[in-house]
Each structure stands twice: as C-alpha cells, then as structure tokens.
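> Sequence and predicted structure below; questions after.
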Amino acid sequence: MFYKSFIIALLFPLLSVASTIKVCKTCHQTTISSAIDLAQKGDTILIYKGTYKTHGLIIKKPLTIIGVDNPIIDGENKETIFTFKTDNFSVQNLTIINVGVSYTSDYSAILVYRSNHFLIINNTFKNVFFGLLIEKSHFGNIVNNIITSHAITESNSGNGIHLWHSSHMKIKGNKVSGLRDGIYFEFVKNSIISENISKNNVRYGLHFMFSNNNEYRNNTFENNGAGVAVMFSKHIKMYNNKFLYNWGTASYGLLLKEIYDAEIKNNTFQQNTIGLNIEGSTRINYTHNTFLRNGWAIKVRGACYQNIFKKNNFLYNAFDLSYNSNINSNLFENNFWSEYTGYDLDKNGIGDVPFRPVKLFSYIVNQTPETIVLLRSLFVDIINFSEKVSPVFTPDNLIDNTPLMKEIQ
C-alpha cells in the first residue's frame with residue numbers, strides 16, 4: 001500500500017503540469033507549429049475555427065490535438081501535413097485538406113511512424129494523396145473518419161487508410177471514397193476492421209497482403225474498380241460484410257488468393273461480375289453467405305482444396321459456380337440454390353435429388369468468353385442438361401447431395 005501511495009505521489013506533479021494551449025487568430029498562439037513547439041509532453045492543443053495553411057508538421061512528443069468548431073488545416077498541395085513519431089497521441093475533430101501529390105514520396109494527411117497507443121477520431125480528410133499512412137505502429141484506433149479524394153488512375157493516387165508492418169489496430173466506422181485503395185494492409189496482424197464503408201475507389205475497396213489473424217466485420221465495399229482483394233494470408237475472419245455492385249471485366253466482390261484456414265461467414269455478395277473469385281486457397285469455411293444476382297456467384301480457378309461450402313444462398317445468379325478443373329476435394333452441402341428444380345417427398349426440407357451447380361456452359365464461357373451472348377438460348381439449355389445427365393467436363397463429385405428447399409434466413 002505504501003509503495004502504491006509513493007508512486008502516485010511521485011507521478012502527481014508530472015501529471016498536474018499538463019496544460020492546454022489554444023490556437024486561434026486572437027490567441028497567444030496563432031499557428032499550429034508554434035503551439036507544437038511550445039507544448040510539453042501530455043499537453044492538449046485546441047485549434048479553433050479558421051483555416052490554417054501549414055504542412056510539414058513533425059510531432060515527437062505525446063500530445064492531444066483537438067479541433068473546435070471545425071478548423072481547416074490546408075496543406076496547400078505541397079507535402080505531408082502531420083507526421084507523428086511518438087506514442088500516446090490523439091488527433092480529433094479536424095478537417096485536413098490538400099495533401100501534396102508525388103510520384104516519389106507517399107505524402108499523406110497524417111503519417112504515423114513507429115508509434116504505439118494512438119487515436120485518430122472524427123476527422124475529415126479531403127483532396128488527399130494518401131489519407132492516413134501508418135508504418136511500423138501498434139495499438140492504434142482509427143475511428144469515424146471521412147476520407148475523400150478525386151483519384152482517376154492508379155498511378156496518380158494513393159490509399160485512404162494504408163497500414164504497413166503494424167499490429168493490434170482497430171479501424172472502425174470510417175468512410176473512404178475516391179482513392180486508389182480504400183483500405184490497404186501489408187504485413188499487418190491481429191487487427192479488427194469493422195463498420196467501414198469503402199466505395200467508389202479506383203482499384204480496391206479493401207486490399208491486404210501478408211496479413212494474418214485479422215477480422216473484418218460489418219463493412220460495406222461498394223462499386224469499387226476491382227472489388228476487394230485478399231492475398232497471401234492465413235487465419236482470416238470475414239463476417240457480415242457486404243460486397244456490392246463491383247462491375248467490370250476484371251471486377252469481383254471478393255478475390256481470395258493463397259488464403260489458408262479462414263472463415264467467410266454471413267456475407268452478402270450482390271450484383272458483382274464475380275461474387276467470389278478463389279485461387280490457391282485451402283481449408284476455408286464458407287457458411288451462411290448470400291450470393292445474389294451476380295454474373296458468377298463463385299469462380300474456383302484452381303489449387304483450392306478442403307474447403308467447405310455449407311448453408312449458403314445462391315439466388316438468381318447467371319452462373320452459380322464455375323470450375324476449371326475436373327478434380328474436386330471441396331464439399332458442397334445444405335446450400336439453397338434458386339435454380340434447383342428437385343422435389344422433397346418426405347418433407348424434411350432437403351431435396352431428394354442432388355444438385356449439380358456447375359453448368360457446362362460456364363465451362364465453355366471460361367474457354368471462349370464471347371459465347372456469353374448465347375446465355376439465354378435454347379442451345380445452352382440443351383448442353384447444360386446433357387452435362388447434368390452425364391458429366392464429362394466437370395468433376396463427377398462436384399455436387400450438393402443435400403440441397404435445401406427453402407432460402408436460409
């Protein structure tokens with residue numbers, strides 16, 4: 001008890017010296033840079049309403065920076081605006097605009113480098129190259145920010161929230177649009193990405209590589225150039241996300257490439273060219289997902305083993321499943337297929353006739369894409385029926401033996 005009292009008594013003078021510095025046109029400090037120079041560890045800087053033209057601000061001490069009445073920080077299109085190289089900092093309620101564009105440097109509204117335990121919350125970023133660039137940092141919270149820009153091509157744009165070699169991050173409730181990639185992870189682990197909206201980005205709504213043990217929950221990825229790409233990672237959980245309206249010749253709701261030991265559950269894939277594009281991915285459980293009105297619900301491109309597709313809804317897709325191999329080690333069971341025409345005489349909710357989800361015509365379209373113009377022809381119905389009766393081009397065991405009679409709610 002004495003020891004705890006002694007420590008509190010020792011720290012109290014240090015805690016009590018923390019002060020608040022105000023920045024405004026009529027304050028003692030009229031610029032953000034002078035306030036940063038004056039501030040001591042643990043101080044709070046309040047930035048009041050107004051437009052502050054500044055950039056190249058480097059913070060190497062723990063500070064709390066809070067905007068009051070929506071101050072605007074204008075970087076004048078020159079370089080990175082804020083760089084934090086410290087632990088235990090916070091940035092709140094700022095509007096940060098006009099980040100510099102460079103083809104040799106990754107300029108950003110906020111750069112965080114080798115920092116731990118920080119908070120970036122309730123900020124608005126406009127006309128940025130990179131919005132938030134987080135490098136070699138851990139235990140950060142990026143919450144309820146709005147990041148927008150005007151990206152036209154991949155080569156002249158950056159990412160909204162970009163993390164590299166980081167861990168234990170929480171990315172929650174952000175809205176990102178008009179960037180190259182909305183959210184980008186590389187070598188990021190043990191992080192949670194939830195309730196974000198990433199839409200209308202040039203390339204990917206979400207793009208991550210070499211990033212293990214992460215969870216993605218309740219996010220919406222909509223109308224992005226190529227959809228969402230998940231690559232070279234393991235132990236991934238994706239729950240309750242929406243992949244919507246990602247249309248284009250090279251677009252998909254979700255691309256999985258070299259993914260292992262993952263769970264894809266309760267997600268919605270709606271009106272994408274390809275709902276789920278899978279390549280080289282193994283031991284993944286796909287359960288309670290809904291594939292609605294996609295061109296292809298699922299494309300399996302090869303080297304995918306021991307995956308389980310169970311209790312998913314396949315609703316009104318042009319093709320439910322595309323397979324480019326005559327070997328199958330994946331399991332399909334208890335799914336609902338809107339194209340299933342079988343019967344249930346014993347009324348147990350399971351079709352008495354197995355369902356073959358791969359149409360011969362999907363195999364033909366994979367080989368010769370131009371044949372898609374024949375999709376609604378009688379000729380296609382005939383060849384699909386022939387393959388169903390006597391499979392030649394598709395794996396004989398690629399079958400749902402227990403198709404559900406009713407859509408899963």
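Sure thing, it's come through. Numbering: from 1, shown residues only.

> Please count neighbours and contacts with C-alpha atoms only from this point.
Will do.

> Mind jotting down where the helices sit in the chain?
Assigned by DSSP state H, the helices in the chain fall at 2-16, 32-38, 360-367, 378-389.

> Could you list the low-confidence segments of this protein?
1-16, 360-395 (pLDDT under 70).

> Can you give me the end-to-end span of stretch 108-121?
16 Å (C-alpha to C-alpha, to the nearest Å).

> cool, and stretch 128-141?
First-to-last residue span, stretch 128-141, C-alpha to C-alpha: 20 Å.

> Off-centre distance for that stretch?
Counting by C-alpha atoms, centre = their mean, to the nearest Å, stretch 128-141 is centred 15 Å from the centre of its parent chain.

> Stretch 40-48 too?
Going by C-alpha atoms, centre = their mean, where stretch 40-48 is centred and where its chain is centred differ by 33 Å.

> Ile121 and Ile65, how far apart?
For Ile121 relative to Ile65 (C-alpha to C-alpha), the value is 11 Å.

> shared neighbours of these two, anything?
Common neighbours of Ile121 and Ile65 (criterion: C-alpha atoms under 8 Å, 6 or more residues apart in numbering): Ser90, Val91, Gln92.

> quick check, nearest of those residues to Ile72?
Gln92 (12.2 Å; C-alpha to C-alpha).

> pretty sure the closest one is touching Val68, no?
No: contact criterion C-alpha atoms under 8 Å: Gln92 and Val68 do not qualify, at 9.2 Å.

> Tell me which of those two has more neighbours.
Gln92 (19 against 16; other C-alpha atoms under 10 Å).

> For Tyr216, see how far away the more buried one is.
Distance, Gln92 to Tyr216, by C-alpha to C-alpha: 24 Å.

> got a list of what the nearest residue to Val128 once chain neighbours are set aside touches?
If the residues on either side of it in the chain are set aside, Val128 comes closest to Val99, at 4.7 Å by C-alpha to C-alpha, 6 or more residues apart in numbering. Val99 makes contact with 74-81, 107-109, 127-130, according to C-alpha under 8 Å, 6+ apart.

> Buried only: go through these for me.
74-75, 77-81, 107-109, 127-130 (16 or more other C-alpha atoms under 10 Å).

> Can you list the strands that the longest strand anywhere in the chain pairs with?
In the chain, with assignment by DSSP state E, the single longest strand is strand 254-265. For strand 254-265, the paired strands and their directions (DSSP bridges) are strand 227-234 (parallel), strand 237-239 (parallel), strand 274-279 (parallel), strand 282-287 (parallel).

> what does the last one rub up against?
Among residues not part of strand 282-287, those counted as contacts by C-alpha under 8 Å, 6+ apart are 258-266, 303-312.

> The same query, at a cut-off of 7 Å, please.
259-266, 304-312 (C-alpha atoms under 7 Å, 6 or more residues apart in numbering).

> now Ala262: how far from Phe243?
18 Å.

> Have a look at the two and say which one is more surrounded.
Ranked by neighbour count (other C-alpha under 10 Å), Ala262 and Phe243 place Phe243 first, with 28 against 23.

> Quick one: residues contacting that one.
Applying C-alpha under 7 Å, 6+ apart, the residues near Phe243 are Thr220, Phe221, Glu222, Gly253, Thr268, Phe269, Gln270.

> Isn't the fifth one up against Asn289?
Yes: at 5.9 Å, Thr268 counts as touching Asn289 under the criterion of C-alpha atoms under 7 Å.

> Please parse this protein into its domains.
Following automatic domain parsing, one finds the domains of the chain at 19-225, 233-358+394-409.

> distance between the ends of the longest one?
Just to be clear, that refers to domain 19-225. Counting by C-alpha to C-alpha, the length from the leading to the trailing residue of domain 19-225 is 47 Å.

> Same question for stretch 294-312.
End residues of stretch 294-312 are separated by 14 Å (C-alpha to C-alpha).

> which residues touch Trp131?
That one is not Trp; residue 131 is Gly. Taking C-alpha under 7 Å, 6+ apart as the test, what Gly131 contacts is Ser108, Ala109, Ile110, Phe125, Ile147, Asn159, Gly160, Ile161.

> before we move on, what about Leu331?
By C-alpha under 7 Å, 6+ apart, the neighbours of Leu331 are Asn307, Ile308, Phe309.

> and if you look at Asn401?
Glu333, Pro354, Phe355.

> rerun that using 6 Å as the cut-off
Residues counted as contacts of Asn401 (C-alpha atoms under 6 Å, 6 or more residues apart in numbering) are Pro354.
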